[in-house]
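K.L.:
give me coordinates for this.
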Amino acid sequence: MKIISLFSTRNYTYLYYLFKRSPKEVKKDCNTYDEFTNLSSIIDYLTVKDYKKIVVVASGPSAKNVTLEKDTLYFTTNSALELVKSVPHVYVLNDSYYILKYLKSITNSKEWKTTIFWYVSTTSKRNERAVKILERYFETKSREKKEFLITNIDKSFMLKNVHVELVEFLKQNLDINYYGVNSGFVTLVLAYVISVISNLEIEIYGLDMGEKEEGYFDRKKKLGKSVKGEKNREVVKSFLLKAYQSKTKIINHSNFMTYGINK
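P.N.:
Numbers count the residues shown, from 1 in each chain. Prediction:
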């Protein structure tokens, strides 16, 4: 561990969540997932057909500009959850800090549809304390609505088939080898695939990748490589360029690769 990280507020908060009890709404009873054999079964569970469009809200500064509408389904991640709690939303998590924060602290609003965890289970990822707690959570606990763990491991509560389906969809339709560079991008990719299958337009806020200004929608902060790294920016750029050429209508309000806005 770097010396500077010892003084990180996020590290102290992480330790707090490690020892904190789960919210009262968490039940000591696990869910079953036998009926969720593909992505369409999750789409049906979310009643996506009842909405006019999908909006992705990542945590960049442009997320502050999001418009809230009841007939829209919002896909959000990390701290951007605060922006969409009052409208129908899906919470998508990939980052270990926010996974732990969700399990130990976040209570769901009445407009919450589900939480989806999507990550590739490398050896290092599965050794993360938050991921171990997450897997134990799925084995022993649940909330009012079903949550979904999408990854490349085949266990009763892990939706490996859905992970494979998502990766193959991206390869076949966009000629992309999926690589989840950060939480905002993971959320966008998942929402994009669902929008294509559901024949819905999609809008994007907050996927700024460090463009124009440093920080997040709720605070100024120096950004790391997962956001500003040139390799990761190229991954996101490649995906967006190919998605823009698809038949799905896309409007990107983000500072990075803005697209489809009539001025």
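K.L.:
would you map the strands across the stretch 101-250 of the chain?
P.N.:
According to DSSP state E, counting those that start in this stretch, the stretch 101-250 of the chain carries its strands in the segments 112-118, 148-150, 201-205, 250-252.
K.L.:
mind putting these into a markdown table with distance to Val92 and mean pLDDT?
P.N.:
C-beta coordinates here come from the backbone N, C-alpha and C atoms, glycine included. What follows is these, written out as a markdown table (distance: least, CB to CB, whole Å; pLDDT from 0 to 100):
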| stretch | distance to Val92 | mean pLDDT |
| --- | --- | --- |
| strand 112-118 | 5 | 98 |
| strand 148-150 | 10 | 98 |
| strand 201-205 | 13 | 98 |
| strand 250-252 | 18 | 98 |
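K.L.:
what's the helix or strand for the spatially most central residue of the chain?
P.N.:
In the chain, the centroid-proximal residue (CA atoms, centre = their mean) is Val92; its distance is 2.8 Å. For Val92, the element it lies in under DSSP states H and E is strand 89-93.
K.L.:
which among the strands of the stretch 101-250 of the chain is found nearest to Asn78?
P.N.:
Evaluated with CB to CB, the strands of the stretch 101-250 of the chain place strand 112-118 nearest to Asn78, the distance being 12.0 Å.
K.L.:
what about the residue nearest to Leu46 when sequence neighbours are not counted, neighbour count?
P.N.:
With sequence-adjacent residues excluded and distances taken as CB to CB, 6 or more residues apart in numbering, Leu46 is closest to Lys113, at 5.3 Å. Neighbourhood size, Lys113 [other CB atoms under 10 Å]: 19.
K.L.:
surely Lys113 and Arg143 touch.
P.N.:
No: using CB atoms under 8 Å, Lys113 is not in contact with Arg143; the gap is 11.7 Å.
K.L.:
need the overlap of contacts for those two.
P.N.:
Here Lys113 and Arg143 have no joint contacts, going by CB atoms under 8 Å, 6 or more residues apart in numbering.
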